[in-house]
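[1] Predicted model, plus sequence, below.
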Amino acid sequence: AVVLYNKRPLEANGEVVAFKVLRPLFIYGVALGSGMLGYLYFSKIISGNVFFLLPFGIIGIIIAWMLARKSFSLRGAQKPIIVFTLAVLVLFVFVHFDLTGYEKRVPELADVESVRIDDSVKLDKEQSKIYFGQKGFITYDQSYDPGLKSEADVKNVIFLHEYKIAHREKSTSARTIPIVYTLKNGKVLKRQYSIDPIKDAKYLKPLYETREMRGFRYALTDGTAKVITRVDLYDDRLCGGTGISYSGENNENVKALTEALKKDLLSLPYEEDTTLIDRASSPCTYLCFSYYKKGTLDSGEKASVQDLLRYPITETYYITDSYKNTMALLEKMGLFNGILKAGDITEIGINNYKNESINYAYNCVLSTGTECMYKIADKKDIDEIFDFAVNSYKVVTNNTQDTGNLELTFVSKYGTVFTRNIYCDTKLWPKAIKDALGK
């Protein structure tokens, strides 16, 4: 710093950049920095595109140019703006056409030790320290590795990888899938692509139906040691709105429900997984499992059972007709004896939130005092809407311009209420709802 200070020209005293030779570096450095800020900002909102570097980068050039020359004049600034624009264009060509071969690189089958296609954040959370309240952090004794190692599974991932490279068009789906290869030479190759669970089903189905991925997606089946202490059964239609709970690690109902659900999860077809393919609503019935896993605290001591019970792990599973074993057990346990049926409903309140910016007016009041836009009391219409609401989880959403959001409030003759939120194409709405909303 002293050497540079002594060598600086005296006439440069007070200048932002004392050495003229460094002015271009300063200008392009500011341009690149501000361009990256714009790129990162817009990439979070829309999608990644190198042209997002341009607007903020040019602004950076203008600011840096005025600072370097201590003038508001932009005379001569056209040259760095043109150079920066050409640089971004060249970068776009390199990225878009993958001239370096970075994106097109797919490892040879024989070079792959294992491969993961999972949410890395969730994986890291499972394998690293977990916040454990006042005790600090805990590392569980057993963690789950969802890596695919068989030749057939690795080959299927490579098929998916090659397919995504060959079909690089922008996907309207917000879902992404990371592909993480661990090579036999110890190196790791990571890529990430947008996926459409329906259009890409041919390639995703054999992967998501593997034992490894089922264990990753459904922790109940991952094979790691866990003590299940409680199961809560819920159904939106339960009269009174309360669930049914079974507690105790030796409780027979807890054991039976756990085993039944495991069987269903391990045989669940890809197409029936309501968490993979977007549906109009969630199923009415769901189970919440609470359990603990043995682990070691930061202090080095083993976590006590008392502490583990204080901070349990919870998993929620939505149950559909495809869960044959679980549904049969729930019926045997009498869960569905107390649920509301269409014949128990006296009125339905309808709210249609198609555009959240509109200030909606509530025109009706249900017998419970709940305000709504429209009210249905006709018995035939109630039967139709009730059946639609209960089975709406079977409807796959497509996010068209005709998609609308319904909030249906059901009032029973017992004075109890339950609500269903449904998001799907308005063409699929029951006639009674279309008539009420003027569709």
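    Ah, there it is. Numbers count the residues shown, from 1 in each chain.
[2] gap between residue 249 and residue 256?
    In this structure, residue 249 and residue 256 are 13 Å apart, going by C-beta to C-beta, to the nearest Å. Using the backbone N, CA and C atoms, a C-beta is placed for each residue, glycine as well.
[3] Neighbour count: those two, which is higher?
    residue 256 (17 against 14; other C-beta atoms under 10 Å).
[4] mind listing what the more buried one touches?
    With contact taken as C-beta atoms under 8 Å, 6 or more residues apart in numbering, residue 256 is in contact with residue 329.
[5] One more: residue 422?
    Residue 422 touches 280-281, 388-389, 392, 405-406, 408, counting by C-beta under 8 Å, 6+ apart.
[6] from these, which two are the most distant?
    388 and 405 (14.5 Å; C-beta to C-beta).
[7] more crowded one of those two?
    residue 388 (22 against 15).
[8] if I read this right, the more buried one contacts residue 431, doesn't it?
    No. Residue 388 lies out of contact with residue 431 (C-beta atoms under 8 Å); the separation is 10.1 Å.
[9] Spell out, range by range, the helices that occur in the stretch 251-400 of the chain.
    Taking DSSP state H, counting those that start in this stretch, the helices of the stretch 251-400 of the chain run over residues 252-267, 305-310, 324-332, 379-390.
[10] Output those as TSV; include the columns mean pLDDT and distance to residue 166.
    What follows is the helices of the stretch 251-400 of the chain, written out as TSV (pLDDT from 0 to 100; distance: least, C-beta to C-beta, whole Å):
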stretch	mean pLDDT	distance to residue 166
helix 252-267	97	32
helix 305-310	91	49
helix 324-332	96	38
helix 379-390	97	40
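[11] Tabulate those (a markdown table), appending distance to residue 43.
    Shown next, in a markdown table, are the helices of the stretch 251-400 of the chain (distance: least, C-beta to C-beta, whole Å):
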| stretch | distance to residue 43 |
| --- | --- |
| helix 252-267 | 36 |
| helix 305-310 | 41 |
| helix 324-332 | 42 |
| helix 379-390 | 38 |
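[12] What pLDDT does the model give residue 21?
    Listed pLDDT for residue 21 reads 69.
[13] make that residue 353, sorry
    72.
[14] any idea whether the closest residue to it other than its chain neighbours is helix, strand or coil?
    Leaving aside its chain neighbours, residue 353 sits nearest to residue 405 (4.7 Å; criterion: C-beta to C-beta, 6 or more residues apart in numbering). Taking DSSP: H, G, I helix; E, B strand; the rest coil as the rule, one finds residue 405 in the strand state.
[15] show me the contacts for residue 405.
    Counted by C-beta under 8 Å, 6+ apart, residue 405 has contacts 352-354, 421-423.
[16] Give me the below-cutoff pLDDT ranges for this structure.
    Scanning the chain for pLDDT under 70 picks out 1-19, 21, 44-48, 119-129, 169-174, 240-242, 354-361, 399-401, 439.
[17] Tell me which residue is most central in it.
    residue 175 (6.7 Å; C-alpha atoms, centre = their mean).
[18] Distance check, it against residue 377.
    Counting by C-beta to C-beta - residue 175 and residue 377 are separated by 41 Å.
[19] Would you map the strands across the stretch 301-439 of the chain?
    Using DSSP state E, counting those that start in this stretch, the strands of the stretch 301-439 of the chain run over 313-319, 345-352, 364-365, 371-372, 374-376, 403-412, 417-425.
[20] Out of those, which is closest to residue 86?
    strand 403-412 (42.5 Å).
[21] which neighbours does the closest one have in its sheet, and in what orientation?
    Sheet partners assigned to strand 403-412 using DSSP bridges are listed as strand 345-352 (antiparallel), strand 417-425 (antiparallel).
[22] Contacts for the first one, please.
    Taking contacts as C-beta under 8 Å, 6+ apart, the residues outside strand 345-352 that touch it are 360, 362, 364, 366-367, 370-377, 381-382, 385-386, 404-413, 433, 436-437.
[23] Quick one: distance of it to the chain centre.
    Computed by C-alpha atoms, centre = their mean, to the nearest Å, the chain-centroid distance of strand 345-352 equals 31 Å.
[24] Next SSE downstream of the longest helix along the chain?
    Longest helix of the chain, by residue count under DSSP state H: helix 23-45. Past helix 23-45, further along toward the C-terminus, the next helix or strand under DSSP states H and E is helix 53-69.
[25] elements contacting the next helix or strand after that following helix?
    Sequence order places helix 78-96 as the next helix or strand after helix 53-69, per DSSP H and E. Under the contact definition 3 or more C-beta pairs under 8 Å, 6 or more residues apart in numbering; DSSP states H and E, helix 78-96 sits against helix 23-45, helix 53-69.
[26] Perfect, I'm done here.
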